[in-house]
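can't give you the sequence, but here's the structure:
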């Protein structure tokens, strides 16, 4: 009996304990689900051409401390590569040439060597604002590295194997290598000084990379433990010279990856195995780098810096909160929103190129990509940031003469298509962003529209054919794609002019925005290149991809695409395109061919709007089908989970928009409705208001909207105005498994042809 009684009490104790613990466990799980950071995987998209950065940063921070690997892309990282060390600056998700990768630190044990610094990695982990890995020749000889960051500074914590001699090797001349790139970055000047037993400083100047113009960067670094032994080194063609000298300088170095210089520091890791290091960068001077470090990291509380970085990410990511969907979809969503906040980099206070009190952002890499999805996302959820970015673009115009279409490390270029800063300004103006001098912005945009650029490869437009013929002829590179983009840029500048009361300019530019029609061939039913005499390009196929074996990459008539893809890029006048194709039914069939014959490419930008264009033919059901398929087929929660380059957050932003059931027509004040993945999305808009999207009955089968209400009132159109969203409120979409007649007879979004432009006329 006593044993049975004891067993009974034991069971009751377990039940009581479970009753007490269950709410605590549930509360912990609820807290986890409410923290967006736990859903972010910084490794999502690092491989497979996504080119994202897995290391530590804060939103829009210039310092992005991350591992560089022996097998690298433009981010410096590939999962299959060995770790070379941890450099402090990176671009994320970009194609083309590399940039940055400055001031690489490599932890080693034993004798100091600066050659063949390539180590295996294990136990790699990351979360917003923090990165960790074990790096070494073996598990027993591995150094545990942890990294975190502020806007211009990084803190590193290295735990060495107990009893081992620990070193930190700094390569002042490091840059992201891209094998076989004839324009790869190289150093022209560099220096490093061991200031005392706790601190070092230096600088390096570079040319080459994606934008080959030169830049110089400075650093100041400190250690939390005294250096036991230190010196400087040079390595030339694999032969190293290690010296006890406290400084080394190289001028006119003409260096490559085999010709480098830097310093080393050895610590008493036998007694103190944990060594911490702080390093700040500056574009201005070593003294400014020292000030940046003092302002941003005054102490040595590594975990506090991690917590502060995580808090900044949590604040940014909480502006969009989703519920429902699968765990994988939530991981992709928050990881996408995270990547969207990597660039451009906030270099306010670091403008070495001219004197100005305006905000300064660098690495608009490039607006040809980001104007479509990324900047409209900032306009909605980061309006203050977007205001400052627009002001920075305008300030760049004031001091360089042109508003950039792309900019990195202090120089404008390359222009891939049109002058897309015009669209970014139009997007801000029509959506009511304040704090911007729009008359000044208008001067910059009007210059793009009307003045021939002396260097259209890097800024402005090539206008000679465009203004005289109404299109760019085949005598110009990228003639067809630039005609399409110039037409929309004209529309954007015309919008700005109309809103500011410059009506004559507005009328002229809006008329010119119909220039795309001059390349429309009714026989081939797509945009077709033409010669200056008006003749069409021979042996033409709308579905042929350019460039191909017959045309050089930059000289093709279409930039990275096909005629049928660029034919969808008429954001100002889709009804005009439908008219050219013969009506709604023919337009739907035409779009179906684009998708069904796999001519649409999610991995590039020119047709990103295409899935939403069915709305203009009253076929929202097709939007639901196409968008859901792209979301499921082109994205995954894996290291190769992106459809190609993230393009500085463009592809990630497409996922963010489409997964919540909204999509912007950049430069215009409305959003298309799609098919949300989530049952509930809460968007924090201006003034702390909330706009909530409810997808009632949503599932992987129930993808079609059956009916909708906006703030309790029946909604029979498949688009919303920006002002309806930022006012706060609730959109309810009732979802079902079959196509419905919802919005079949509803109003179309505004456009030039249907006289609804801006929802006002």
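Everything's here; your move. These numbers come from a predicted model, not from an experiment. Numbers count the residues shown, from 1 in each chain.

quick one: residue 83 from residue 175, how far?
When C-beta to C-beta, to the nearest Å is applied, the distance between residue 83 and residue 175 equals 16 Å. Quick note: C-beta positions are derived from backbone N, CA and C, even for glycine.

Those two: which has the busier surroundings?
residue 175 (29 against 23; other C-beta atoms under 10 Å).

quick one: the more buried one and residue 206 touch, right?
Yes: taking C-beta atoms under 8 Å as the contact criterion, residue 175 and residue 206 are neighbours in contact, 6.0 Å apart.

Which residues are in contact with each of those two?
Counting by C-beta atoms under 8 Å, 6 or more residues apart in numbering, the residues touching both residue 175 and residue 206 are 102, 185, 186, 187.

Direction included, what does the helix or strand where the last one lies pair against?
I take that to be residue 187. Taking DSSP states H and E as the criterion, residue 187 maps to strand 186-194. For strand 186-194, the pairing partners within the sheet under DSSP bridges are strand 199-207 (antiparallel), strand 247-251 (antiparallel).

Please name the strands paired to the next helix-or-strand element following the longest one in the sheet, noting orientation.
Scanning forward in sequence from strand 199-207 by DSSP H and E, the next helix or strand is strand 215-223. Take DSSP bridges as the rule and strand 215-223 pairs in its sheet with strand 199-207 (antiparallel), strand 274-282 (antiparallel).

first to last residue in stretch 541-559, what's the distance?
Taking C-alpha to C-alpha, to the nearest Å, the first and last residues of stretch 541-559 lie 15 Å apart.

where does the stretch 401-550 of the chain have low pLDDT?
549-550 (pLDDT under 70).

Show me where it has its helices.
Ranges of helices in the stretch 401-550 of the chain, per DSSP state H, counting those that start in this stretch, are 421-430, 438-450, 464-469, 479-500, 503-512.

which stretch among those comes nearest residue 584?
When these are compared by C-beta to C-beta, helix 479-500 sits nearest residue 584, at 22.2 Å.

Could you figure out how far the closest one is turned away from helix 438-450?
Here the directions of helix 479-500 and helix 438-450 differ by 150 degrees (axes from the mean of the first three to the mean of the last three C-alpha atoms, to 10 degrees).

Distance from the chain centre to helix 479-500, please.
Here the centre of mass of C-alpha atoms in helix 479-500, compared against the chain's by C-alpha atoms, centre = their mean, to the nearest Å, lies 24 Å away.

quick one: that helix to helix 421-430, angle?
If you take the same axes, to 10 degrees, helix 479-500 sits at 30 degrees to helix 421-430.

Could you check the angle helix 479-500 makes with helix 503-512?
Relative orientation of helix 479-500 and helix 503-512, computed by the same axes, to 10 degrees: 150 degrees.

so where's this structure shaky on pLDDT?
Low-confidence segments of the chain, defined by pLDDT under 70: 1-33, 179-180, 252-258, 549-551, 553, 754-761.

okay, now the domains of it?
2-34, 39-315, 320-350+610-761, 354-461, 464-572 (automatic domain parsing).

With respect to residue 585, which of those lies nearest?
Between residue 585 and the domains of the chain, the shortest separation by C-beta to C-beta is 7.6 Å, and it involves domain 320-350+610-761.

Kindly reformat the strands paired with strand 186-194 as a markdown table containing mean neighbour count and distance to residue 567.
Output for the strands paired with strand 186-194, formatted as a markdown table (neighbours: other C-beta atoms under 10 Å; distance: least, C-beta to C-beta, whole Å):
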| stretch | mean neighbour count | distance to residue 567 |
| --- | --- | --- |
| strand 199-207 | 22 | 40 |
| strand 247-251 | 16 | 53 |
